Structures are given as C-alpha cells and as structure tokens.
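Undergrad: Have a look at this prediction, sequence included:
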Amino acid sequence: MRARRLRNQIASRAAPLPQAELKLATRGGSRKDLGNVELEPSASWPAVDSDLRRTCESTTMNIRLRLPKTLLSDIHADLSRPHPRAAERVGFLICGSANVNGPALLLLGQAWHIVDDSDYLDDPSVGACIGPGAFRRILQNVYRQPASILHVHRHEHAGRPQFSSTDVRSMHEFVPSFFNACPTRPHGALVLSHDRADGRIWVRSDSMAQPIEQYELIGTPMQRWSRT
C-alpha cells in the first residue's frame with residue numbers, strides 16, 4: 001500500500017536552515033533547536049473562522065481527532081517500511097480544524113506527508129534523526145495552504161502508547177516552528193501504537209499542550225475510543 005504524499009513545494013528564495021541535526025521521536029540523546037525558517041511570501045492568509053479563533057482562546061477544551069481508516073492504514077504502511085539507516089520512521093499528518101459545540105476542537109486528518117529517505121541522517125544513537133530539509137518541505141506546504149501539522153511516530157506495541165520524556169522534550173522544541181509557518185492553526189504531535197494513539201495539541205504558540213481526548217476512525221465499521 002502506498003502512503004499518501006503532499007507535493008513538496010520549496011521556495012526558491014527560502015533561507016538555508018541551520019545545519020544542526022534534528023532528532024525526532026528518539027529514545028536517547030539530545031535535540032538541537034530548529035531555529036527560524038524564512039519562507040517565500042505568498043498570497044494573503046485565508047480568514048480563520050471566528051468560532052475557531054474563540055475555541056482556540058479557551059484555556060481548556062475537548063480535542064477530537066477524526067481519521068479515515070484508509071489514511072491511518074497508509075500511515076502505518078509508511079511507518080512500517082524499513083530504512084537503511086534509521087531504526088524507525090516518522091512523518092507529518094496534515095489536518096483541517098473546526099469548532100464544534102462548546103469549548104471543543106475537531107481535527108480532521110486529511111493527508112500524510114512522507115519524510116524522504118534522503119532526509120534521514122545516519123545516527124545509530126537514536127531511533128530516527130532527520131535533517132532540516134524535512135522540516136522545510138512541510139512548513140512550505142502549510143505556509144501556502146494553512147493547515148494543522150502533527151508530527152507522528154510509532155511505538156511497536158499494542159494498547160495505548162505514551163510519549164517518552166525525550167518525545168516530550170522534542171515536542172517543546174519543534175512545535176513552535178510550526179506556528180512560525182502557520183500561526184492561525186493548532187499544531188502538535190501524535191504517537192501511535194499498533195491499535196491506539198496518544199496526542200498533544202497546542203492551540204497557540206504560547207499555550208500549554210492539551211491532550212487529544214477522543215479518536216474517531218471513519219470507515220466500516222466506525223471506531224471510537226477515548227484517551228482514558
């Protein structure tokens with residue numbers, strides 16, 4: 001099964017990213033800051049729905065993630081592919097976002113952005129280490145077409161997964177760069193197991209991370225589960 005890919009659009013005048021290695025979803029080692037990315041000017045931002053703005057200003061909210069089963073299958077298929085250098089794969093889930101009744105946020109999984117083989121760096125001390133080009137491409141996508149970004153990796157077991165301390169530290173370093181490219185949408189990270197997920201979402205760059213409370217898989221049959 002072939003995972004879905006968004007077109008990689010790189011601005012010709014984009015400034016080079018720092019040459020520091022960017023270690024994601026690792027089980028050890030340290031991670032260096034991504035830094036700022038200069039992006040090519042684009043058309044004006046589409047107006048953000050006022051209800052979504054009000055939702056994102058709430059201190060706490062009920063966050064739901066809805067995914068087509070076919071998209072989740074594509075994600076698992078991509079993360080299952082062996083890599084000659086990395087022990088695991090990572091990728092980016094592109095989501096729409098919408099206000100629902102009350103202080104609630106619905107994230108709608110729309111597409112999977114593959115990290116190219118050439119963007120993985122050879123670092124046997126960590127599970128996966130990707131270079132700045134991987135970030136440049138995903139940030140260019142959401143700069144031109146605003147959307148939420150979830151960084152995704154997988155733990156190889158069944159049942160509810162948990163972010164490691166390294167995962168949490170890394171999230172606090174790379175999620176702010178998502179807001180540099182697309183400040184009008186929430187962003188975050190998702191860790192999968194073979195049959196469950198756990199996620200953290202920032203609704204603003206200066207907000208606290210909030211958990212995804214509910215998950216919905218659209219297909220036959222439809223599946224739902226909650227975080228607790």
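TA: Good, I have the coordinates. Numbers count the residues shown, from 1 in each chain.

Undergrad: show me what contacts the residue nearest to the spatial centre of the chain?
TA: Central residue of the chain (Cα atoms, centre = their mean): Leu150, 1.6 Å from the mean position. Listed by Cβ atoms under 8 Å, 6 or more residues apart in numbering, the contact set of Leu150 reads 92-93, 95, 107, 187-190, 199. Just so you know, the C-beta spots here come from the backbone N, C-alpha and C atoms, and that holds for glycine as well.

Undergrad: ok, now how distant is it from Pro183?
TA: Computed as Cβ to Cβ, to the nearest Å, the Leu150 to Pro183 distance reads 16 Å.

Undergrad: lowest confidence element among the helices and strands of this protein?
TA: strand 22-23 (a mean of 40; mean pLDDT, DSSP states H and E).

Undergrad: Gly131 reaches Leu121, doesn't it?
TA: Yes - the pair Gly131 / Leu121 is scored as a contact, 5.4 Å apart, by Cβ atoms under 8 Å.

Undergrad: Just give the nearest non-adjacent residue to Ile75, would you?
TA: Trp112 (5.3 Å; Cβ to Cβ, 6 or more residues apart in numbering).

Undergrad: Also His157?
TA: Excluding the flanking residues, the one nearest His157 by Cβ to Cβ, 6+ apart is Ser193, at 5.5 Å.

Undergrad: Burial check on that neighbour, number of neighbours?
TA: The number of residues packed around Ser193, counting by other Cβ atoms under 10 Å, is 16.

Undergrad: thinking again about what came up before, which element is the residue nearest to Ile75 on?
TA: Secondary structure from DSSP states H and E places Trp112 in strand 104-114.

Undergrad: so what does that strand touch, helix or strand wise?
TA: On a contact count with 3 or more Cβ pairs under 8 Å, 6 or more residues apart in numbering; DSSP states H and E, strand 104-114 meets helix 50-56, strand 62-68, helix 69-80, strand 91-100, helix 132-144.

Undergrad: For the lengthiest helix in the chain, what is the distance to the chain centroid?
TA: If you go by DSSP state H, the chain has its longest helix at helix 165-181. The chain centroid and the centroid of helix 165-181 are separated by 10 Å, computed with Cα atoms, centre = their mean, to the nearest Å.

Undergrad: Show me which positions of it end up buried.
TA: 166-167, 170-171, 173-181 (16 or more other Cβ atoms under 10 Å).

Undergrad: Give me the distance between the two termini of stretch 89-105.
TA: By Cα to Cα, to the nearest Å, the extent of stretch 89-105 from end to end equals 28 Å.

Undergrad: gap between it and the chain center?
TA: 10 Å.

Undergrad: Pull the number of nearby residues for Ser148.
TA: 25.

Undergrad: Surely it touches Pro183?
TA: No - look at Ser148 against Pro183 with Cβ under 8 Å: they stay out of range, at 11.6 Å.

Undergrad: Tell me which residues are up against the strand holding Trp112.
TA: Applying Cβ under 8 Å, 6+ apart, the external contacts of strand 104-114 come out as 3-6, 52, 55-56, 61-68, 71-72, 74-75, 78, 91-100, 137-138, 141, 147-148, 150, 186, 201, 203, 212.
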